[in-house]
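A.B. asks: Pasting a predicted model and its sequence here:
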2 protein chains.
Amino acid sequence: MQQTSYHHGDLRNSLVSIGADMLNEKGVASISLREIARTIGVGHNAPYRHFRNKHELLEAIAEEGFRKLTAKNTRLELEFAHDPETQLFESAMHIVLVAAEQPNLYQLMFGGFLQPIEANTALKQAADDAIQSLVKIIKSGQQQRVFVQGDEMKLSLSAMSMIQGIAMMVSSGKLRPLANTASWSECPIVLKGMVLQLFDVFLNGLKLDK
Amino acid sequence: MQQTSYHHGDLRNSLVSIGADMLNEKGVASISLREIARTIGVGHNAPYRHFRNKHELLEAIAEEGFRKLTAKNTRLELEFAHDPETQLFESAMHIVLVAAEQPNLYQLMFGGFLQPIEANTALKQAADDAIQSLVKIIKSGQQQRVFVQGDEMKLSLSAMSMIQGIAMMVSSGKLRPLANTASWSECPIVLKGMVLQLFDVFLNGLKLDK
DNA sequence: ATCCCATGTGGGCAATGTCCACATGGGATA
DNA sequence: TATCCCATGTGGACATTGCCCACATGGGAT
């Protein structure tokens, strides 16, 4: 991790990567540009050659997170091409797992820390892409007549609300594994059960046949 | 706002109140203990007589928020005693309005900034009370045979996920009024329409008759 | 081989969170 | 009513942080 030559070579990526690690460990409140630089083994001013300020580094970390989400959703769409219900479930499950295993990253992405007014367009774009990759699943489900017809935005909004809802409650600790177990990441099965319950309640309003 | 005598008399409450104001204006990232103290007109160390650290003041602000939520829900329960559906809707609408008008407070309450591990018991209690006041509405709806029977926690989880989901998206700016209008608080009617749409999709799975 | 500018360095500044010792004075007590 | 104590307030100090400055380095285009 220590650079030997004067120039690091790939500092920007290192900053985002180490920054993401440090974010998950210490939370957005305790993250420090200088410490990240120190960890990488670079001067406390080097980061400013790649980001105008701390906020921009955080944006880049969130952006990276959205990229991965989009990629995952796209993959799911191919993997379960003719099963929109499974697509939706797996997509939800993935987000909930991120919320459980990387709560601070999830919060940075979907929480209000990065105010959208200040958000750079790259971040906005990445976030929109991720959202659209979910909307696409809903649309496909409608076309295949698995989900009820009607305003697709309305259905998407509902589905996303539900998904973001649990994910947020999981990541923020509002919801906890029984008996105050240490962390969610230790009991993914319970998580899956919860999401299944949600889908049971939710899909009965979303499914075509009943 | 300036205290004249050596002793302020009600500093703790002032800190929470001014702190909440400042939170809404500047966001949790830019809030500063010293500035709050300065605004109240008190030394930069006075707050430490009432809170062990900055984190504890933030917890107190969140706690206050939860108290108000609980109170509101309890009031709604009386006002619409025989209409659980309206109770649920109004309760959701209220949370969404808080999310729109005081996004930073909402984020502090339901976001992951205050890690539950560190959260003091008073805060945990206040949060649990608020959640229970919602669960109570669901239960009452089941007893009155307006909502489907079955595991009440399952239904509550679903309802809360949906509500927290939109609220979070509204407060975090993931969802915006059309045409990039400045803020949600200027178009509460659109907000109400959205929540109505959600309930339309959601209640069809939750309602007993269909 | 040369030179330039993207990238890195260190020093400096104001602000912040938190620790310390000390000041004040309202309310219980004698 | 006079006294004293401790909850509450004060200022000083220190490490840390974000960010600005001028300056150093060296790889790639010329």
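C.D. replies: It's in. Numbering: from 1, shown residues only, chains lettered A, B, ... in the order given.
A.B. asks: Quick check: what element follows the helix or strand hosting A:Asn104 along the chain?
C.D. replies: Secondary structure assignment for A:Asn104, by DSSP states H and E: helix A:103-110. Next helix or strand after helix A:103-110 toward the C-terminus (DSSP H and E): helix A:121-143.
A.B. asks: give the contact list for the spatially most central residue of chain A.
C.D. replies: Among the residues of chain A, the one closest to the centroid is A:Tyr106, at 4.9 Å (Cα atoms, centre = their mean). Contact analysis of A:Tyr106 by Cβ atoms under 8 Å, 6 or more residues apart in numbering or on different chains lists A:Gly65, A:Ile95, A:Val98, A:Ala99, A:Ala167, A:Met168, A:Ser171, B:Gly112. C-beta coordinates here come from the backbone N, C-alpha and C atoms, glycine included.
A.B. asks: Can I get those in a markdown table including distance to A:Leu155, neighbour count and pLDDT?
C.D. replies: Formatted as a markdown table, those follow (distance: Cβ to Cβ, whole Å; neighbours: other Cβ atoms under 10 Å in any protein chain shown; pLDDT from 0 to 100):
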| residue | distance to A:Leu155 | neighbour count | pLDDT |
| --- | --- | --- | --- |
| A:Gly65 | 25 | 22 | 98 |
| A:Ile95 | 17 | 27 | 97 |
| A:Val98 | 23 | 21 | 97 |
| A:Ala99 | 22 | 27 | 97 |
| A:Ala167 | 18 | 29 | 97 |
| A:Met168 | 20 | 29 | 97 |
| A:Ser171 | 24 | 27 | 95 |
| B:Gly112 | 28 | 25 | 93 |
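A.B. asks: Could you check how many residues crowd around whichever residue of chain A sits closest to DNA strand C?
C.D. replies: Among all residues of chain A, A:Gly43 sits closest to DNA strand C, at 2.7 Å; criterion: Cβ to the nearest atom of the strand. By other Cβ atoms under 10 Å in any protein chain shown, the residues close to A:Gly43 number 12.
A.B. asks: same question, A:Arg75
C.D. replies: Residues near A:Arg75, counting by other Cβ under 10 Å, number 13.
A.B. asks: Tell me what angle the strand or helix carrying it forms with helix A:103-110.
C.D. replies: Assigned by DSSP H and E, A:Arg75 falls within helix A:54-79. Orientation of helix A:54-79 against helix A:103-110 (axes from the mean of the first three to the mean of the last three Cα atoms, to 10 degrees) gives an angle of 90 degrees.
A.B. asks: The helix holding A:Asn104: which residues count as buried?
C.D. replies: Along helix A:103-110, these residues count as buried under the neighbour rule (16 or more other Cβ atoms under 10 Å in any protein chain shown): A:Pro103, A:Asn104, A:Leu105, A:Tyr106, A:Gln107, A:Leu108, A:Met109, A:Phe110.
A.B. asks: Then stretch A:183-202?
C.D. replies: Buried residues in stretch A:183-202 (16+ other Cβ under 10 Å): A:Trp184, A:Leu191, A:Met194, A:Val195, A:Gln197, A:Leu198, A:Phe199, A:Val201, A:Phe202.
A.B. asks: show me what contacts the closest residue to the first one other than its chain neighbours?
C.D. replies: The one in question is A:Trp184. Leaving aside its sequence neighbours, A:Trp184 sits nearest to A:Ala100 (Cβ to Cβ, 6 or more residues apart in numbering or on different chains; 3.7 Å). The contact partners of A:Ala100, by Cβ under 8 Å, 6+ apart, come to A:Val170, A:Ser171, A:Ser183, A:Trp184, A:Ser185, A:Pro188, A:Leu191.
A.B. asks: at 10 Å what do you get?
C.D. replies: A:106, A:167, A:170-171, A:175, A:177, A:183-188, A:190-191 (Cβ atoms under 10 Å, 6 or more residues apart in numbering or on different chains).
A.B. asks: what's the answer for A:Leu108, then?
C.D. replies: By Cβ under 10 Å, 6+ apart, the residues touching A:Leu108 are A:20, A:23-24, A:27-28, A:31, A:58-59, A:61-62, A:65, A:102, A:114, B:112.
A.B. asks: which helices and strands does the helix or strand containing A:Glu25 pack with?
C.D. replies: Here A:Glu25, judged by DSSP H and E, is contained in helix A:11-26. Counting contacts by 3 or more Cβ pairs under 10 Å, 6 or more residues apart in numbering or on different chains; DSSP states H and E, helix A:11-26 is packed against helix A:33-40, helix A:54-79, helix A:103-110.
A.B. asks: Taking helix A:121-143 as reference, get the angle to the helix or strand of chain A with the lowest mean pLDDT.
C.D. replies: Within chain A, no helix or strand scores below helix A:188-206, which has a mean of 88 by mean pLDDT, DSSP states H and E. Angle of helix A:188-206 versus helix A:121-143, following the same axes, to 10 degrees, is 60 degrees.
A.B. asks: Can you name the residues that contact A:Gln107?
C.D. replies: So A:Gln107 contacts A:23, A:27-28, A:62, A:99, A:113, A:167-168, A:171-172, B:107, B:111-113, B:172 (Cβ under 10 Å, 6+ apart).
A.B. asks: and A:Gln115, how many residues sit next to it?
C.D. replies: Around A:Gln115 there are 14 other residues, counting by other Cβ under 10 Å.
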